[in-house]
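Q: Turn this into a model:
(one chain, ligands or ions: 2)
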Amino acid sequence: MPNPETTADGSTVDVLIRLLDDDVPVPAYAHPGDAGADLVTTVDVELPPQGRAVVPTGVSIALPDGYAAFVHPRSGLAAKHGVTIVNAPGTVDAGYRGEIKVTLLNTDPEQAVKLARGDRVAQLVIQRVERARFLRAETLPGSHRGEGGFGSSGGFAGR
Ligand SMILES: O=c1ccn([C@H]2C[C@H](O)[C@@H](COP(=O)(O)OP(=O)(O)OP(=O)(O)O)O2)c(=O)[nH]1
Ligand SMILES: [Mg+2]
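A: Ligands and ions are numbered 1, 2, ... in the order given. Purely as a prediction, here's the structure:
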């Protein structure tokens, strides 16, 4: 049985975590190879139709420099109940030591969604990130795309 915390090349990154609540689990990868470790809400919450709420997860982490964590929605909650994350993916900076929070949004126009303490509401993806040194320039090197954006390659079904 492969270790779910280990990638195919065997690499992991150690991340210190504080559990701020008695019952909160250490975020876990559900399957080997999963990119996201699930985060729970530590509060009961009811999201009214098209309503949002910021929920606590009961964890804070210390990422090594050069890493960031991204708070992504869970696809099942999105597909079954229309629940997503307002600022998806939320960015957790390496220097952040506060509690990780999730800004949930119920996109359903009619159905309220009830979530209970302990429900998995988001997944945390840890990634290496570069920091840029922005070098001012008067002109930029040419490219195939050029300045074409926002649908310049075509829309869908002829539109
Ligand atoms: O989904 C999220 C997104 C962010 N954060 C925390 C970690 C992050 O380091 C901090 C700030 O996030 P961000 O930079 O996205 O927000 P901001 O509005 O720019 O706040 P700040 O001025 O504090 O940077 O809030 C969360 O707990 N959950
Ligand atoms: Mg910021």
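
Q: Which positions in this structure make contact with ligand 1?
A: 71, 87, 90-93, 96, 100-103 (CB under 6 Å from any ligand atom). The C-beta positions use only the backbone N, C-alpha and C, and glycine is treated the same way.

Q: Show the end-to-end separation of stretch 95-113, please.
A: End-to-end span of stretch 95-113 (CA to CA, to the nearest Å): 33 Å.

Q: Tabulate the residues of the chain next to ligand 1 in a markdown table, adding columns for pLDDT, secondary structure and neighbour count.
A: Listed next are the residues of the chain next to ligand 1 as a markdown table, based on pLDDT from 0 to 100; DSSP: H, G, I helix; E, B strand; the rest coil; neighbours: other CB atoms under 10 Å:
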| residue | pLDDT | secondary structure | neighbour count |
| --- | --- | --- | --- |
| Val71 | 98 | strand | 23 |
| Asn87 | 98 | coil | 10 |
| Gly90 | 98 | strand | 18 |
| Thr91 | 98 | strand | 11 |
| Val92 | 98 | strand | 21 |
| Asp93 | 98 | coil | 11 |
| Tyr96 | 98 | coil | 15 |
| Ile100 | 99 | coil | 21 |
| Lys101 | 99 | strand | 17 |
| Val102 | 99 | strand | 25 |
| Thr103 | 98 | strand | 16 |
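
Q: For ligand 1, what's the nearest residue on this protein?
A: Nearest residue of the chain to ligand 1: Gly90, at 1.9 Å (CB to the nearest ligand atom).

Q: residue ranges with poor pLDDT in this protein?
A: 1-10, 158-159 (pLDDT under 70).

Q: As a check, name the ranges of all helices in it.
A: Counting by DSSP state H, the chain has helices at residues 75-81.

Q: Strands of that one, residue ranges please.
A: Under the criterion DSSP state E, strands of the chain are mapped to 16-19, 28-29, 36-40, 45-47, 52-56, 59-62, 67-72, 83-85, 90-92, 101-106, 113-115, 120-128.

Q: ok, and which of those has the densest surroundings?
A: strand 36-40 (a mean of 22; mean count of other CB atoms under 10 Å).

Q: tilt between that strand and strand 67-72?
A: When axes from the mean of the first three to the mean of the last three CA atoms, to 10 degrees is applied, the directions of strand 36-40 and strand 67-72 differ by 60 degrees.

Q: Just checking the distance from strand 36-40 to the centre of its chain.
A: Centroid separation between strand 36-40 and its chain, computed with CA atoms, centre = their mean, to the nearest Å, is 9 Å.
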